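Colleague: With the sequence up front, the predicted model follows.
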Amino acid sequence: MFTGTGPGHVDYVVEGAPTVRAVEFLVEVLSNPLNAVLLLGGALSVVAGMVAYIKYKPAAADVRALRSTLEDYHAFLPWMLRLAVGLPLVGAGFAGYFFSPSVEAPTRILQVLIGFFLLFGLATRAVALVGLLAYLTGLVLRPELVLASEYIGGFLGVLLLGAGRPSADHLLQQVAAARGTIYGRFDPLHPLVAKFNDIVGPYEQYAPTVIRLGVGFNFALLGFWEKLANPGMALAVVDKYNLTAVVPVDPGMWVVGAGLTELAVGIFLFVGLFTRATAAVAFVVLTTTLFGLPDDPVLAHITLFGLSSALFVTGGGPLSLDERLAAVTEYSPLATSTE
């Protein structure tokens, strides 16, 4: 079913990069006083900004207005998730790879079908379950698929929220429920769907939780594994695209800075701390990658784009540090929508 190999996203744009020992590389980068000052200053700035926000709550009225507006967007979340997962699956199927460009798959029909069913919103929850099982099966056979782990959060989010509207599921359910319709007389699925929705309903609130766990894990893994633990490939990317001309620091600092940024974004999302602000940073990081690496496959990042956008709408949700902060402060930091 699967052919080809590849350890990660940076393989999409460079090949044959030399092996660089991670510990020696990190020591060399940090031994440069300027690099050490830049990294320490950046970390302290982030911490100071977080503390200042929690303590002084600047622009509190703006935050309230933003959160109030985003509450109205919750009705579109199922549609956002279906697009975020369905579009890249259709693209992956026609491009001939299995979830990640690092794993070639000549059998394209499965992903195309799953993608189109999600886009139409037809049998949405069942199709999301099939997609999740397909990914997990592929992960067992090809462990490098862990670098596309955001799909787990995406599929679980769709499974919890369902199709929403507009969708084929909603349309058919409305017709089936209407009195006197021919379709309603012969539809055996509507009662089953209604019962399943009743079972899943109490857990819909955890959709932001599973999404941020999936996206957070993915960002942290990419930052650590592709850059900090294996800097050779990342250095080749910096050299190929002359990224030091964009930000005038040495290549090692570029790699360490990018790796630590992605790692921090991943950890913040995973624990649900300043979730909306972190999701916005994640979106900026992805956009920078899109325009900074012109031959990077856009389809491979659509899921992360979509799920980051969804987290900006929902906030951290249940089981997040934002929720804890909301319990002890008047305003949560651009945080959970459940308070």
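Modeller: In hand now; what should we look at? Numbers count the residues shown, from 1 in each chain.

Colleague: hang on, isn't residue 105 packed against residue 96?
Modeller: Yes - if you go by C-beta atoms under 8 Å, residue 105 and residue 96 touch, sitting 6.5 Å apart. (Each C-beta comes from the backbone N, C-alpha and C, glycine too.)

Colleague: of the two, who's got more company?
Modeller: The neighbour comparison of residue 105 against residue 96 (other C-beta atoms under 10 Å) goes to residue 105, with 21 against 15.

Colleague: Phi first, then psi, for that one.
Modeller: Per-residue torsions, residue 105: phi -150, psi 100 (degrees, to the nearest 10).

Colleague: In the protein, which helix is the longest?
Modeller: Longest helix in the chain by number of residues, with DSSP state H as the criterion: helix 33-56.

Colleague: helices and strands around it, which ones?
Modeller: Identification of packing neighbours for helix 33-56 by 3 or more C-beta pairs under 8 Å, 6 or more residues apart in numbering; DSSP states H and E yields helix 22-30, helix 251-271.

Colleague: what residues does the shortest one touch?
Modeller: Outside helix 22-30, the residues within contact range by C-beta atoms under 8 Å, 6 or more residues apart in numbering are 35, 36, 39, 228, 229, 230, 231, 250, 252, 253, 255, 256.

Colleague: still on that earlier bit, any chance you could list what contacts the longest helix of the chain?
Modeller: Identification of contacts with helix 33-56 by C-beta under 8 Å, 6+ apart yields 29-30, 58, 249-250, 252-253, 256-257, 260, 264, 274, 325, 329, 333.

Colleague: Can you say which two of these are spatially most distant?
Modeller: 250 and 329 (40.4 Å; C-beta to C-beta).

Colleague: Any regions of the stretch 101-250 of the chain where pLDDT drops low?
Modeller: Under the criterion pLDDT under 70, the flagged ranges of the stretch 101-250 of the chain are 107.

Colleague: Could you pull out the helices in it for me?
Modeller: Ranges of helices within the stretch 101-250 of the chain are 109-120, 124-141, 150-161, 168-177, 182-186, 189-200, 207-221, 231-240, based on DSSP state H, counting those that start in this stretch.

Colleague: JSON lines for the ones you listed, including distance to residue 92 and mean neighbour count?
Modeller: Shown next, in JSON lines, are the helices of the stretch 101-250 of the chain (distance: least, C-beta to C-beta, whole Å; neighbours: other C-beta atoms under 10 Å):
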{"stretch": "helix 109-120", "distance to residue 92": "5", "mean neighbour count": "19"}
{"stretch": "helix 124-141", "distance to residue 92": "11", "mean neighbour count": "18"}
{"stretch": "helix 150-161", "distance to residue 92": "10", "mean neighbour count": "26"}
{"stretch": "helix 168-177", "distance to residue 92": "22", "mean neighbour count": "17"}
{"stretch": "helix 182-186", "distance to residue 92": "34", "mean neighbour count": "10"}
{"stretch": "helix 189-200", "distance to residue 92": "27", "mean neighbour count": "13"}
{"stretch": "helix 207-221", "distance to residue 92": "16", "mean neighbour count": "25"}
{"stretch": "helix 231-240", "distance to residue 92": "22", "mean neighbour count": "21"}
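
Colleague: nearest to residue 68, of these?
Modeller: helix 207-221 (17.4 Å).

Colleague: got the angle between that closest one and helix 150-161?
Modeller: Here helix 207-221 runs at an angle of 180 degrees relative to helix 150-161 (axes from the mean of the first three to the mean of the last three C-alpha atoms, to 10 degrees).

Colleague: Compute the inter-axis angle for helix 207-221 and helix 251-271.
Modeller: Using the same axes, to 10 degrees: helix 207-221 against helix 251-271 is 160 degrees.

Colleague: pLDDT on the helix or strand harbouring residue 286, on average?
Modeller: Following DSSP states H and E, one finds residue 286 within helix 275-292. Mean pLDDT, computed over helix 275-292, is 87.

Colleague: Output that helix as CSV - backbone C-alpha positions only.
Modeller: The C-alpha atoms that make up helix 275-292 are tabulated as CSV, following Å, rounded to 0.1, in the frame of the first residue of the first chain:
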residue,chain,number,x,y,z
THR,A,275,-4.7,29.3,23.4
ARG,A,276,-6.1,31.9,21.1
ALA,A,277,-3.0,34.0,21.1
THR,A,278,-0.9,30.9,20.5
ALA,A,279,-3.1,29.7,17.7
ALA,A,280,-2.6,33.1,16.1
VAL,A,281,1.2,32.7,16.4
ALA,A,282,0.9,29.2,14.9
PHE,A,283,-1.0,30.6,11.9
VAL,A,284,1.7,33.3,11.4
VAL,A,285,4.4,30.6,11.5
LEU,A,286,2.5,28.5,8.9
THR,A,287,2.0,31.5,6.7
THR,A,288,5.7,32.4,6.9
THR,A,289,6.6,28.9,5.9
LEU,A,290,4.2,29.1,3.0
PHE,A,291,5.7,32.2,1.6
GLY,A,292,9.3,31.6,2.7
